[in-house]
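A.B. asks: Build me a structure from this.
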Amino acid sequence: MLVVASSGWYAVNAMRDLDELRLPRIDWEGGPAYYEKFRAAKEAGWGNPSFFPIGVWFESVGTDEDVVTDKAAGINTYVELTDNSDIRLVRAHGLYALPSKPLKGVGAETVGWLITDEADMWGGPGDGVWTGRFPGEGQICERQDVPCGYTVMRTLKDRLPKGDGRFFYANYGKGVQIWESTQEAAEFVNSYTDVTSADMYWYTDVGICSESQNFLKWSPKECPLAADYGQVIDRMRQLDALDRRRQPIYAYVELGWPGTNGKRLIRPEEAAGAVMNSLIHEARGIVYFNHSFGGPCPTQHLLREDCYAGMRSMITEVNRRITELAPVLNTQSYRHTFAPGLDTMLKLHDGSCYVFSMIKRGAATGRHTLALPPELASAKEVEVLFENRKIPIENGRFTDAFDDEYTYHIYRITP
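C.D. replies: Numbering: from 1, shown residues only. As a prediction, this is how the structure comes out:
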């Protein structure tokens, strides 16, 4: 059908399935295609657009029930396993692993190697001599005034198998996030890994909000918030971009009471908000810290415990949504400002646009109006996914309520 009037031509064509938006793109590492260059990950299906890594930190797997329970919660990857874990059970149930050494029976389930955890904090930014000790075992660096974290990373990576088609992964912490200079932190992020992450437990760490005011110059009202977890991804992406070789950045979210002197227990709705804000800021995987060392129910298997049934229920649903939306999440985002007080992410998949949204750090809760890009001007309504409701669009805008700082909405708009 040909419509001569230019305005009419745009309206008709805007109704067709979109395959591109006239907006700049967010820089990325390539999505699932990134894993195609690692044989083990490729053969395991990590290059499939329907796969999104959802991991749990340092679990033990001793029975079929362990894996079945974790898989039912939406977990598909074990990031580190105890030495006594039966990795054959991981493989038998179709899950994956990133251990720090080859476990007995290692096979196709092991798609990558964990170099180590938080060497930026316990080793520090430097090339000093490492004693070979880990935290809790005594002096880490031969000279206390010469940090040895870079040496730790090189040494531990050299101990792992090479050329076996598996990628290298490491997690960092407050060192790369706030304590170290950009140059010092960039050495950790860019010199050893193919995939990386950092953990900052904003809701439960006793001193973290004071540190955010000191190092990041945040105001007291900016911490703790779900939006703080997106800041971790932003910092890692900033550092990762410095060598012009992007890698996937994963997010960490705590589910319990990580420290014995923890500030408090994270609530299920806060954990869900932290996950979603991390995704909005371009996290390419989620890892849950499921150890709870304090509080009323200490455990190293939080998602398997009856006393954390509420958290398990929430995380199971969040993981279900992530898995359902994996083909969307695995596309390259567009850059568009929907509303000044919201954190948003815009995706296009199969002719529909998806907008992930929640309150920006420090912004007010309540009602916010989102302005759509021109290609969506002809749309009449917004479908709010997982909430069984729709919102009318008027003059290219729609308004929705964000009642709490951790509230998130996912919109689907089909012109």
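
A.B. asks: Nearest the geometric middle of this protein, what residue?
C.D. replies: Nearest to the centroid of the C-alpha atoms of the chain, with distances taken as C-alpha atoms, centre = their mean, sits Ala251, at 2.8 Å.

A.B. asks: contacting residues for it?
C.D. replies: Contacts for Ala251 were tallied using C-beta atoms under 8 Å, 6 or more residues apart in numbering; they are 197, 229, 232-233, 274-275, 278-279, 283, 285-287. C-beta coordinates here come from the backbone N, C-alpha and C atoms, glycine included.

A.B. asks: in what helix or strand does Ser352 lie?
C.D. replies: Using DSSP states H and E, the secondary-structure element containing Ser352 is strand 352-359.

A.B. asks: what do you get for Lys347?
C.D. replies: With DSSP H and E as the criterion, the answer for Lys347 is strand 342-349.

A.B. asks: which parts of the longest helix seen in the chain are buried?
C.D. replies: When secondary structure is assigned using DSSP state H, the longest helix within the chain turns out to be helix 309-324. Across helix 309-324, burial judged by 16 or more other C-beta atoms under 10 Å covers 311-312, 314-315, 318-319, 321-322.

A.B. asks: can you dump the C-alpha coordinates of that helix into CSV?
C.D. replies: Output in CSV follows, covering the C-alpha atoms of helix 309-324 (Å, rounded to 0.1, in the frame of the first residue of the first chain):
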residue,chain,number,x,y,z
ALA,A,309,11.3,-19.7,51.3
GLY,A,310,10.2,-16.1,50.6
MET,A,311,13.6,-15.2,49.0
ARG,A,312,13.6,-18.4,47.0
SER,A,313,10.1,-17.7,45.7
MET,A,314,11.1,-14.2,44.6
ILE,A,315,14.4,-15.2,43.0
THR,A,316,12.8,-18.1,41.2
GLU,A,317,10.3,-15.7,39.6
VAL,A,318,12.9,-13.2,38.7
ASN,A,319,15.0,-15.9,37.1
ARG,A,320,12.0,-17.2,35.2
ARG,A,321,11.5,-13.7,33.8
ILE,A,322,15.1,-13.4,32.8
THR,A,323,15.1,-16.7,31.1
GLU,A,324,11.9,-15.9,29.2
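
A.B. asks: which other helices and strands contact the strand holding Ser352?
C.D. replies: Here strand 352-359 touches helix 268-280, strand 342-349, strand 366-371, strand 397-402, strand 408-413, going by 3 or more C-beta pairs under 8 Å, 6 or more residues apart in numbering; DSSP states H and E.

A.B. asks: got JSON lines for these, with distance to Leu18 and mean pLDDT too?
C.D. replies: Rendered in JSON lines, the data for those read as follows (distance: least, C-beta to C-beta, whole Å; pLDDT from 0 to 100):
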{"stretch": "helix 268-280", "distance to Leu18": "21", "mean pLDDT": "98"}
{"stretch": "strand 342-349", "distance to Leu18": "6", "mean pLDDT": "98"}
{"stretch": "strand 366-371", "distance to Leu18": "17", "mean pLDDT": "98"}
{"stretch": "strand 397-402", "distance to Leu18": "18", "mean pLDDT": "98"}
{"stretch": "strand 408-413", "distance to Leu18": "10", "mean pLDDT": "98"}
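
A.B. asks: Please tabulate the ones you listed in a markdown table and include distance to Asp240 and mean neighbour count as additional columns.
C.D. replies: Rendered in a markdown table, the data for those read as follows (distance: least, C-beta to C-beta, whole Å; neighbours: other C-beta atoms under 10 Å):
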| stretch | distance to Asp240 | mean neighbour count |
| --- | --- | --- |
| helix 268-280 | 15 | 25 |
| strand 342-349 | 18 | 21 |
| strand 366-371 | 29 | 15 |
| strand 397-402 | 30 | 17 |
| strand 408-413 | 25 | 22 |
